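S.K.: Generate a structure from the sequence data that follows.
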Amino acid sequence: MERHVAISGVGLISPLGDSPSLLFGALCEGRSGLRRETELEAFSGCRCHMAARLNGYGPERYLSGRPLRPLDRISQMATASCGLALQSSTLETDAGALPDLSLVMGTMFGGMHTIAEFDRTAIVSGPASVSPMTFANTVINAAAGQTAIWHHLRGANSTIASGSVSGISAIGHAADWINEGRSTVVLAGGADEFSIESFCGFARAGLLCGDRDCAELPVPFDQGRNGFALGEGAGFLVLEDLAYAERRGARVVAEVKGYGTAFDISRGRDPNLAVRAIARAIKAAIGRSGMSIDSIDFVSASGNGSITSDYCELSALATVFGERAKELPVTAIKSGTGETLGASGPLQIAVAIETLRNGELPGIIGLAQLPPACPLQNVLPRTRTIDARTALINGVGLDGNCCSLVLASL
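M.R.: Residues are numbered from 1 along each chain as shown. As a prediction, the model looks like this:
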């Protein structure tokens, strides 16, 4: 990467708090945002009744001065977290004066609740009963558009839809814009909301935690894991050309050193192909960073409790890091946040930045036993002190997309 891509701001809304420090502190203390939801018990055919939701979330706390009615829930989440990111980067007051301030947002489903409600109304009451304003929020790039309108973002506006790795894909895409000189400042990240429709879809696909013999165990890499629990959230970063950030006196919290992506053509059906795809993404990210494999100090894994996906990620890390994999520190924050889909990569990056700054690596909440002959042994349930300057952020998609990103402190 020719230019240096700096991170000068982080904004997030998660099941464990609305700031990087709150999310990081909760994970370090072993507190999980996963709860049994009584609402989900009504689905008698589903064995999973667990989720990580934004209970108590209210957009009025973050957005004021204008009507919120045009913004559906995911638009509110994205707009709010972008506002928090702008505040932390000190760009909030003059964002409207930056003509090239761009936005790249990743999401798997967009406004799923809005889409489902629109369809239900049209089917039950007829097309004439549907609100035109509701229709505007059914398109997948609606949240990015609403966010740009609210914050006066006049640069490029893109939505990345690459499944559950959409958020980290968006950040990699934005880093490429800066690296290639097409943008100076970019807001990048992702968001996905919890909806009954997506919950039921994952349940019917057999991806959620719980089976006939065991209770829900959405613990990444645990021997007894039996699927993931659905979460929700939003997370955005302010990415800048480092030279520009230094000229304006910005506080740079980390640097994006490299980004890589690959696709598993078997979409998880063939573990060998999946392992090779994940390994290709990791090698590409490290290769583009200009660093060596031995330079990586810890890994923020994509692991979410899925039986096959977690196995493939562990195997890919072992393939890339070889003998060093046994000692490589690994964490997986979805043990506390659940699978937040498009928000997962940005939340992982936010926590990794806190680890680089504070020297503590959160443990994997609830981890009791690694699988027999696990190639990685430094995967622990407890928080530990770590001397780290670089991190590898992994994203392993539910549909074959694989993304990795190398992060470094300055």
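S.K.: Looking at the closest residue to residue 181 other than its chain neighbours now. What's its pLDDT?
M.R.: For residue 181, ignoring the flanking residues on the chain, the nearest one in space by CB to CB, 6 or more residues apart in numbering is residue 3 at 7.0 Å. In this view, the C-beta of every residue, glycine as well, is placed from N, C-alpha and C. Per-residue pLDDT puts residue 3 at 85.
S.K.: Report the contact partners of residue 3.
M.R.: Shown in contact with residue 3 (CB atoms under 8 Å, 6 or more residues apart in numbering): 178-179, 181, 241-243.
S.K.: Of these, which is the most crowded?
M.R.: residue 178 (25 neighbours; other CB atoms under 10 Å).
S.K.: any idea how far that one is from residue 394?
M.R.: Remark: distance between residue 178 and residue 394 (CB to CB, to the nearest Å) = 22 Å.
S.K.: can you check residue 56 too?
M.R.: In terms of CB to CB, residue 56 sits 30 Å off from residue 394.
S.K.: hang on, isn't residue 211 packed against residue 48?
M.R.: No - if you go by CB atoms under 8 Å, residue 211 and residue 48 don't touch, sitting 9.5 Å apart.
S.K.: what do the two both touch?
M.R.: residue 227.
S.K.: can you redo the contacts of residue 3 as CSV with pLDDT?
M.R.: Listed next are the contacts of residue 3 as CSV, based on pLDDT from 0 to 100:
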residue, pLDDT
178, 95
179, 93
181, 91
241, 95
242, 96
243, 94
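S.K.: hang on, the earlier thing: compare neighbour counts for residue 211 and residue 48 and give me the winner.
M.R.: residue 48 (25 against 15).
S.K.: quick revisit: secondary structure class for the residue nearest to residue 181?
M.R.: coil (DSSP: H, G, I helix; E, B strand; the rest coil).
S.K.: hang on, the earlier thing: give me the more crowded residue out of residue 56 and residue 394.
M.R.: More neighbours surround residue 394 than the other of residue 56 and residue 394, with 26 against 6 (other CB under 10 Å).
S.K.: what mean pLDDT does the top helix by length along the chain have?
M.R.: Assignment by DSSP state H gives helix 271-289 as the longest helix of the chain. Mean pLDDT, helix 271-289: 97.
S.K.: Can you tell me which helices and strands it packs against?
M.R.: Judged by 3 or more CB pairs under 8 Å, 6 or more residues apart in numbering; DSSP states H and E, helix 271-289 is in contact with strand 254-263, helix 307-321, strand 390-396, strand 401-408.
S.K.: roughly how far out does that helix sit from the chain middle?
M.R.: From the chain centre to the centre of helix 271-289 is a distance of 18 Å (CA atoms, centre = their mean, to the nearest Å).
S.K.: average model confidence for the helix or strand that it is followed by?
M.R.: Where DSSP states H and E defines the elements, the next helix or strand beyond helix 271-289 is strand 298-300. For strand 298-300, mean pLDDT rounds to 98.
S.K.: Direction included, what does strand 298-300 pair against?
M.R.: strand 330-331 (parallel), strand 390-396 (parallel) (DSSP bridges).
S.K.: closest one to residue 267 among those?
M.R.: The closest of the strands paired with strand 298-300 to residue 267 is strand 390-396. By CB to CB, the value is 11.5 Å.
S.K.: As CSV, could you dump the C-alpha coordinates of the closest one?
M.R.: Taking Å, rounded to 0.1, in the frame of the first residue of the first chain, the C-alpha atoms of strand 390-396 are listed here in CSV:
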residue,chain,number,x,y,z
THR,A,390,0.0,-5.4,15.0
ALA,A,391,-3.2,-7.3,14.7
LEU,A,392,-4.8,-9.5,12.1
ILE,A,393,-8.6,-9.1,11.8
ASN,A,394,-10.4,-12.0,10.2
GLY,A,395,-13.8,-12.2,8.6
VAL,A,396,-15.2,-15.5,7.5
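S.K.: how big is the angle separating that strand from helix 307-321?
M.R.: 140 degrees (axes from the mean of the first three to the mean of the last three CA atoms, to 10 degrees).
S.K.: Can you tell me what sits against strand 390-396?
M.R.: 164-165, 167-169, 257, 278, 281-282, 285-286, 291, 295-303, 309, 312-313, 344-345, 348-349, 352, 355-356, 401-409.
S.K.: hmm, try it at 7 Å
M.R.: With contacts defined as CB atoms under 7 Å, 6 or more residues apart in numbering, strand 390-396 is touched by 165, 168, 278, 282, 285, 291, 295-302, 309, 313, 344-345, 348-349, 352, 355-356, 402-408.
S.K.: what bits of this protein have low per-residue confidence?
M.R.: Scanning the chain for pLDDT under 70 picks out 1, 44, 92-99, 212-213.
S.K.: Point to the residue nearest the middle of it.
M.R.: Centroid-nearest residue in the chain, with CA atoms, centre = their mean: residue 344, separated by 1.8 Å.
S.K.: Not counting sequence-adjacent ones, nearest residue to residue 115?
M.R.: residue 138 (4.8 Å).
S.K.: hmm, back to that, could you check the longest helix of the chain and say which residues are buried?
M.R.: Residues of helix 271-289 classed as buried by neighbour count (16 or more other CB atoms under 10 Å): 273-286, 288-289.
S.K.: now the angle from it to strand 390-396?
M.R.: Computed by the same axes, to 10 degrees, the angle between helix 271-289 and strand 390-396 is 140 degrees.
S.K.: residues making contact with helix 271-289?
M.R.: Under CB under 7 Å, 6+ apart, the answer for helix 271-289 is 1, 257-266, 268, 293, 296, 308, 311-313, 315-316, 319-320, 392, 396, 402-406.
S.K.: orientation of that helix relative to strand 254-263 in degrees?
M.R.: Using the same axes, to 10 degrees: helix 271-289 against strand 254-263 is 150 degrees.
S.K.: Restricting to C-alpha, output helix 271-289 in PDB.
M.R.: Extracted C-alpha coordinates of helix 271-289, given in PDB (Å, rounded to 0.1, in the frame of the first residue of the first chain):
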ATOM      1  CA  PRO A 271     -13.800 -27.700   4.300                       C
ATOM      2  CA  ASN A 272     -10.600 -28.100   2.300                       C
ATOM      3  CA  LEU A 273     -11.700 -25.300  -0.200                       C
ATOM      4  CA  ALA A 274     -12.900 -23.200   2.700                       C
ATOM      5  CA  VAL A 275      -9.600 -23.400   4.500                       C
ATOM      6  CA  ARG A 276      -7.700 -22.500   1.300                       C
ATOM      7  CA  ALA A 277      -9.900 -19.500   0.700                       C
ATOM      8  CA  ILE A 278      -9.500 -18.200   4.300                       C
ATOM      9  CA  ALA A 279      -5.700 -18.700   4.100                       C
ATOM     10  CA  ARG A 280      -5.600 -16.800   0.800                       C
ATOM     11  CA  ALA A 281      -7.300 -13.800   2.300                       C
ATOM     12  CA  ILE A 282      -4.900 -13.800   5.300                       C
ATOM     13  CA  LYS A 283      -1.800 -14.100   3.100                       C
ATOM     14  CA  ALA A 284      -3.100 -11.400   0.800                       C
ATOM     15  CA  ALA A 285      -3.600  -9.000   3.700                       C
ATOM     16  CA  ILE A 286      -0.200  -9.600   5.200                       C
ATOM     17  CA  GLY A 287       1.400  -9.500   1.800                       C
ATOM     18  CA  ARG A 288      -0.100  -6.100   1.000                       C
ATOM     19  CA  SER A 289       0.900  -4.800   4.400                       C
END
